[in-house]
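A.B. asks: Next input, structure requested:
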Amino acid sequence: MADINFYYLESATLSNLNRIFSSADIPFIRLSKFLNEAPKSVEPKLSSEEKIGYYHRKIGNALLEDFWQSSDFNVFLRKATGLKPRFRESNHISYSPGDYSLLHMDESEPSRLLVVYDLTKEWKHEWGGYDLYTSPDKDPLVCNRDFGSLMIVKLAPGDLSCTRYVSLKSQFSAHIDCITYDLD
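C.D. replies: Next comes the predicted model:
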């Protein structure tokens, strides 16, 4: 099982993360080098998925599926966010060159906590593929690719998320574990 970087488990750090999370327009925290050791190989079994607004997407079981459902990670989420998340699902998603998402795919989603663990190596800024989170009447939150980082975002009904267009010039695919937790 994966181990959380000890720094993120210290009481003072957790208290500070909770303060940061609670004070943002769109509640979020982004943690670099979240795990003591990120998985070295990213080769899960993936299958193509076609939906309106998607292109070149592959999806499969989350690489760290057991970890995202573990009590250790749930305790961390509760302390870092002050919320009581309930695991809904986890997937590993691979975005290939030319892939894009449309924000409106989230329109019917209830309140949720979205967790994204980035497993993308050797990504260049000009290739795009940013994670985007929007909320009515608030500035959007745009996150670049960063190997080993964990992004935690609280989204309310009406809030939207997507991974923006990956340039056809990209030489690699973007890889993420995307985990959704329901909130009361």
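A.B. asks: okay, CA-based contacts and neighbour counts for the rest of this
C.D. replies: Fine.
A.B. asks: Just grab the bridge partners of residue 175 for me.
C.D. replies: On the basis of DSSP bridges, residue 175 is bridged to residue 94.
A.B. asks: looking at it, it is touching residue 95, isn't it?
C.D. replies: Yes: with contacts counted by C-alpha atoms under 8 Å, residue 175 reaches residue 95, the gap being 6.6 Å.
A.B. asks: hmm, who's touching the lengthiest helix in the chain?
C.D. replies: Among the segments of the chain that qualify as a helix by DSSP state H, the longest is helix 11-23. With C-alpha atoms under 8 Å, 6 or more residues apart in numbering as the test, helix 11-23 has contacts from 7-8, 27-29, 79-82.
A.B. asks: Whichever of these end up buried, select them in ChimeraX.
C.D. replies: Typed into ChimeraX, the line below selects the buried ones among those, using 16 or more other C-alpha atoms under 10 Å:
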select :8,27,28,29,79,80,81,82
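A.B. asks: Out of the contacts of helix 11-23, name the ones that lie in helices.
C.D. replies: Among those, the members falling in helices (DSSP H) are 79-81.
A.B. asks: so where do the strands sit in this structure?
C.D. replies: Counting by DSSP state E, the chain has strands at residues 28-31, 46-48, 57-61, 86-95, 112-118, 131-134, 141-143, 150-155, 160-163, 174-182.
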